[in-house]
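Q: everything below, folded, please.
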Amino acid sequence: MKKLSLIALALCCASYQGFSQKRNPKTPTPAPGTAAPIGGPNAMNRPGGPPAGPKPYNQVITGKAKTDKGLFKVHNVEDRYFFEIPDSLLGREILTVNRISKAAAGNRGSMIGYGGDQIGDNVISFEKGPANRIYLKSISFSERSQDTTAQGLYKSVMNSNIQPLVASFDVKAFAKDSISGAKGVVIDVTDYMNSDNDIFFFDAGTKRSLSLGGQVADRSYIKEIKAYPLNIEIRTLKTYTKSAGQQGPGMMGGGAPSSTPATYELNSSMVLLPAKQMKPRFFDPRVGYFATGYVDFDANPQGVKNQSLITRWRLEPKDADIEKYKRGELVEPKKQIVYYIDPATPKKWVPYLIQGVNDWQVAFEKAGFKNAIVAKEAPNDPNWNLEDARHSVIVYKPSDIANASGPHVHDPRTGEILETHINWYHNIMQLLRNWYFIQASAIDPQARKMKFDDKLMGELIRFVSSHEVGHTLGLRHNFGSSATVPVEKLRDKQWVEKNGHTPSIMDYARFNYVAQPEDNVSAKGIFPRIGDYDLWAIEWGYKWLPEFNTPQDEASYSNQTIIKRVGANNRLAFGTESDPNDPRNQSEDIGDNAMLASAYGIKNLKRVLPNILTWSNEPNESYQNAKTLYTEVIGQYGRYMGHVVKNVGGIYATPKTVEEKGGAFKPVSFAKQKEAMTFLNTQLFTTPTWLINKELIERTGLNPADLFQGVQKNTLIKLQNAGTISKLINDEALNGAKAYTVTNLFTDLKTAVWSELYSHKNIDVYRRNLQKAYVDNMTKLIVPPAPATGAQGMGMRVIDPTSSDVSSVSRAHLTTMAKDIRAAIPAATGMSKYHLQDLLVRINSALNPNS
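A: As a prediction, this is how the structure comes out:
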């Protein structure tokens with residue numbers, strides 16, 4: 001994120017060597033022939049004359065100054081901006097958080113470029129240097145040592161980690177507070193804030209994603225700089241050229257740069273990091289928290305250790321309540337976690353967003369705090385600023401993006417969350433409607449229309465609010481949570497309404513698509529809500545533990561607590577969203593058996609599909625609604641196939657410490673993999689003709705075969721790839737006859753895809769396309785892969801099938817297939833015959849490329 005392209009680097013260098021190009025447009029440019037300062041903005045050495053030293057304070061901060069008092073004084077003198085930094089703040093670490101206040105017209109990426117979006121953050125400090133200079137230092141905490149003893153590593157680590165000085169400023173004057181007597185320095189920051197730098201404005205990665213080029217100096221300027229008690233807010237207008245790549249909103253591609261520039265209003269917050277740091281808590285993979293990492297030179301006496309600290313808010317009892325807290329009484333924290341609702345939010349949704357935040361109060365009670373978290377409407381105060389980094393806000397974005405996100409800003413030294421801006425895009429309501437219609441309309445009559453009642457939509461917004469707030473509390477997705485629930489319990493009205501269909505709102509387990517109409521499950525058993533895992537995760541992450549002085553001291557207690565609690569209740573288990581092999585850890589799935597859950601889901605889809613035209617009917621509208629919902633039905637069907645196929649070659653991964661029994665990795669059983677293949681044969685490879693609805697096709701023009709055949713092909717790719725086959729080979733080597741082998745896979749696939757070869761039946765167009773895809777996939781397994789390009793080349797591992805047994809077993813299978821196809825050709829007629837002849841040529845060409 002911090003790397004600059006050569007072009008950007010050149011632009012930065014140019015901006016420092018000729019600061020007159022970056023001046024505030026309100027400030028007169030130097031007269032022709034006037035020499036520009038050498039060495040960057042505010043450089044003190046000028047050719048042909050003595051060094052310019054500090055002036056008396058009142059000659060710099062004159063009677064014309066407009067002064068704002070806060071973290072430090074900010075002076076505006078005839079459109080020049082000066083920071084008056086007290087000596088006590090020199091060397092203090094300050095977090096900069098940069099956001100878009102007002103977005104450029106028509107210049108947005110898929111989820112970036114809107115008002116309120118964060119575009120960068122850094123930790124900086126102002127350092128006093130020689131010759132009356134103040135240096136701006138950019139600080140990294142990626143390598144650390146706490147051992148400051150004579151023989152400790154701290155000095156060596158620091159010697160190898162000098163932090164970069166990104167800017168320098170002349171001391172224009174020395175200051176002395178008339179009341180406190182505190183001393184300080186005055187520097188002119190005008191030119192630096194008018195320049196294009198990634199400390200206070202766009203970071204390099206975000207600029208690339210928005211295809212922004214260099215700053216246009218004569219159309220960029222400082223709007224205002226305001227001081228608050230713990231922060232400084234800098235508002236600027238920045239205009240950038242458009243670089244090659246973006247040809248339209250959200251479109252990335254080649255081409256010439258646009259001649260129309262992009263103008264943004266940006267807000268940069270400088271927030272003083274706490275002098276007294278919060279005690280960190282080490283990350284544990286068995287509880288899902290975001291983390292900030294570093295290399296620790298002390299943890300391993302004979303090497304280094306990669307450490308991670310969870311991100312969380314600082315919650316501590318008030319001094320007067322410490323003994324109450326220790327006795328187990330609920331107490332209010334010293335500082336409440338407060339979320340404000342963006343004033344631009346449509347008023348009817350505000351109560352639901354607020355409730356989505358307040359729903360977390362019960363979780364914090366498990367950690368010993370009452371009223372720890374609350375949401376409020378933004379105050380009617382002209383000094384209240386949406387972008388102010390002291391405020392956490394749920395930001396409403398009038399966007400067609402159907403999404404929401406919950407980022408947060410934290411202190412990289414400790415993981416302490418300092419603030420968050422949750423993004424709520426307007427069009428998420430369309431996504432929620434489509435989800436609920438497809439997954440719940442079979443069991444909830446409220447969902448059988450295109451415009452939901454406000455109460456239903458409000459409750460949907462509430463659950464999304466709670467999910468995103470969970471992220472801003474430090475919680476990651478728990479994709480494994482729903483896999484702890486037996487599928488049949490999802491149909492048990494009493495049980496599911498009491499416990500919910502997933503133990504975590506941080507799961508992607510949208511709605512209970514397993515429940516059938518005859519189960520009479522109400523909304524309490526359909527909607528996600530804060531559950532057992534969420535209560536446990538907040539308790540583990542936020543419980544105040546004063547008996548331990550350091551995170552190292554907590555380690556043993558934390559480990560034993562997790563072993564005891566999760567071991568006694570598997571509903572508290574965490575499953576990471578980043579595991580490609582474990583079928584328990586999937587998005588959009590529910591229940592502990594994907595085959596059984598998906599079968600129930602398909603039953604409900606078969607109830608929804610024939611009613612789409614009726615339920616989507618709106619007067620004076622086209623059939624676009626029906627087309628959208630028809631597509632969504634096939635998309636949901638495709639998700640079910642994805643949930644099932646991950647069982648084939650699947651590996652259960654359960655993080656454990658050495659104190660826990662059993663292995664951490666275990667292959668999916670033979671029986672379950674066999675069950676998955678049987679399901680795919682029945683529900684997918686046997687043409688799903690129930691998806692072909694003639695009336696819908698005639699009204700919408702949609703060809704469902706194109707869509708469901710895409711599902712068939714994608715599923716085949718997941719089965720017929722070097723990764724899956726390699727896992728099956730390894731499982732057989734380790735477990736022998738107990739394993740589901742490659743031979744089992746190819747036999748089951750042949751039964752599912754090639755039955756016509758042996759029954760001598762006509763092969764219809766859907767099966768012909770499926771069989772062609774099958775052969776194409778197999779032929780790719782006997783040759784080295786093509787060199788990765790583009791996104792494929794960015795850190796993605798490509799397995800070469802020819803470097804292992806994958807190509808050997810695939811070649812043998814193709815040889816057998818060629819023999820079987822050759823034997824079937826004489827009995828075939830028409831398109832079936834032509835099709836088999838074509839496949840035989842393809843296979844022979846792959847097996848004998850030089851013949």
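Q: got any ranges where the stretch 251-400 of the chain has weak pLDDT?
A: 251-258, 294-305, 387 (pLDDT under 70).
Q: just the strands in it please.
A: 251-252, 262-272, 291-296, 305-310, 337-341, 373-377, 392-397 (DSSP state E, counting those that start in this stretch).
Q: quick check: which helices or strands does the longest one pack against?
A: Yep, that's strand 262-272 we're talking about. Strand 262-272 sits against strand 94-102, strand 231-242, with contacts defined as 3 or more C-beta pairs under 8 Å, 6 or more residues apart in numbering; DSSP states H and E. Every residue, glycine included, has its C-beta placed from N, CA and C.
Q: in which helix or strand does Leu814 reside?
A: Using DSSP states H and E, Leu814 sits in helix 805-824.
Q: now do the buried residues in that helix.
A: 806-807, 809-811, 813-814, 817-818, 821, 824 (16 or more other C-beta atoms under 10 Å).
Q: in TSV, list the residues you listed along with pLDDT and distance to Val496.
A: Below are those laid out as TSV (pLDDT from 0 to 100; distance: C-beta to C-beta, whole Å):
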residue	pLDDT	distance to Val496
Val806	96	43
Ser807	96	48
Val809	96	44
Ser810	97	44
Arg811	97	50
His813	97	44
Leu814	97	48
Met817	96	46
Ala818	97	52
Ile821	97	49
Ala824	97	49
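Q: out of those, who's nearest Ala375?
A: Comparing the buried residues of helix 805-824 against Ala375 with C-beta to C-beta places Val806 closest, at 53.5 Å.
Q: so where's the chain shaky on pLDDT?
A: In the chain, residues with pLDDT under 70: 1-51, 106, 108-112, 143-162, 178-180, 244-258, 294-305, 387, 788-797.
Q: show me what the longest helix belonging to it is packed up against.
A: Longest helix in the chain by number of residues (criterion: DSSP state H): helix 624-645. Where contact means 3+ C-beta pairs under 8 Å, 6+ apart, helix 624-645 is packed against helix 428-440, helix 594-608, helix 612-615, helix 670-680, helix 694-700, helix 704-719.
Q: nearest to Gly480, out of those helices?
A: Short answer: helix 594-608, nearest of the helices and strands packed on helix 624-645 by C-beta to C-beta, at 12.7 Å.
Q: now for the closest one, which elements pack on it?
A: Helix 594-608 sits against helix 428-440, helix 624-645, helix 670-680, with contacts defined as 3+ C-beta pairs under 8 Å, 6+ apart.
Q: what helices and strands are in contact with the shortest one?
A: Under the contact criterion of 3+ C-beta pairs under 8 Å, 6+ apart, the helices and strands touching helix 670-680 comprise helix 594-608, helix 624-645, helix 742-753.
Q: which of the ones you listed sits closest to Asp191?
A: The nearest among the helices and strands packed on helix 670-680, by C-beta to C-beta, is helix 624-645 at 52.7 Å.
Q: what residues does the next helix or strand after the closest one touch?
A: Following helix 624-645 in sequence order, the next helix or strand is strand 651-653 (DSSP H and E). By C-beta atoms under 8 Å, 6 or more residues apart in numbering, the surrounding residues in contact with strand 651-653 are 579, 581-585, 664-668, 727.
Q: from these, which ones fall inside strands?
A: Judged by DSSP state E, the contacts of strand 651-653 include 665-667 as members of strands.
Q: who wins on neighbours among those?
A: Within the ones in strands among the contacts of strand 651-653, neighbour counts (other C-beta atoms under 10 Å) peak at Pro667, which reaches 22 neighbours.
Q: so who does that one touch?
A: Contacts of Pro667 (C-beta under 8 Å, 6+ apart): 650-652, 727, 731, 734-735, 739-740.
Q: and these, which are buried?
A: 650-652, 727, 731, 739-740.
Q: the domain parsing of the chain - what is it?
A: 6-272, 626-851 (automatic domain parsing).
Q: would you turn those domains into CSV with distance to Glu539?
A: Below are the domains of the chain laid out as CSV (distance: least, C-beta to C-beta, whole Å):
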stretch, distance to Glu539
domain 6-272, 28
domain 626-851, 19
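Q: nearest to Lys498, out of the ones you listed?
A: Of all the domains of the chain, domain 626-851 sits nearest to Lys498, with 25.3 Å by C-beta to C-beta.
Q: can you give me the helices for the stretch 451-600 of the chain?
A: With DSSP state H, counting those that start in this stretch as the criterion, the stretch 451-600 of the chain has helices at 454-472, 493-499, 532-542, 551-568, 594-608.
Q: for Ile310, which of these is the nearest?
A: With C-beta to C-beta, the closest approach to Ile310 among those belongs to helix 532-542: 5.8 Å.
Q: same for that closest one, what does it pack against?
A: helix 361-366, helix 551-568.
Q: would you mind finding the most buried of those?
A: helix 361-366 (a mean of 18; mean count of other C-beta atoms under 10 Å).
Q: please convert the strands of the stretch 251-400 of the chain to a markdown table, extending it with distance to Lys718 and mean neighbour count.
A: Listed next are those as a markdown table, based on distance: least, C-beta to C-beta, whole Å; neighbours: other C-beta atoms under 10 Å:
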| stretch | distance to Lys718 | mean neighbour count |
| --- | --- | --- |
| strand 251-252 | 27 | 13 |
| strand 262-272 | 41 | 22 |
| strand 291-296 | 30 | 17 |
| strand 305-310 | 31 | 18 |
| strand 337-341 | 40 | 22 |
| strand 373-377 | 41 | 17 |
| strand 392-397 | 35 | 23 |
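Q: between those, which one is closest to Gly70.
A: It's strand 262-272; of these, that one is closest to Gly70 (C-beta to C-beta) at 10.1 Å.
Q: so which strand or helix has Tyr774?
A: In the assignment (DSSP H and E), Tyr774 maps to helix 765-779.
Q: in PDB, list the C-alpha atoms belonging to that helix.
A: Extracted in PDB, the C-alpha atoms of helix 765-779 (Å, rounded to 0.1, in the frame of the first residue of the first chain):
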ATOM      1  CA  VAL A 765     -27.800 -30.900 -25.800                       C
ATOM      2  CA  TYR A 766     -27.400 -30.300 -22.100                       C
ATOM      3  CA  ARG A 767     -25.500 -33.600 -21.600                       C
ATOM      4  CA  ARG A 768     -23.400 -33.000 -24.700                       C
ATOM      5  CA  ASN A 769     -22.200 -29.700 -23.300                       C
ATOM      6  CA  LEU A 770     -21.500 -31.300 -19.900                       C
ATOM      7  CA  GLN A 771     -19.500 -34.100 -21.500                       C
ATOM      8  CA  LYS A 772     -17.400 -31.600 -23.600                       C
ATOM      9  CA  ALA A 773     -16.600 -29.600 -20.500                       C
ATOM     10  CA  TYR A 774     -15.600 -32.900 -18.800                       C
ATOM     11  CA  VAL A 775     -13.100 -33.800 -21.600                       C
ATOM     12  CA  ASP A 776     -11.700 -30.300 -21.700                       C
ATOM     13  CA  ASN A 777     -11.000 -30.400 -18.000                       C
ATOM     14  CA  MET A 778      -9.300 -33.800 -18.200                       C
ATOM     15  CA  THR A 779      -7.000 -32.800 -21.000                       C
END
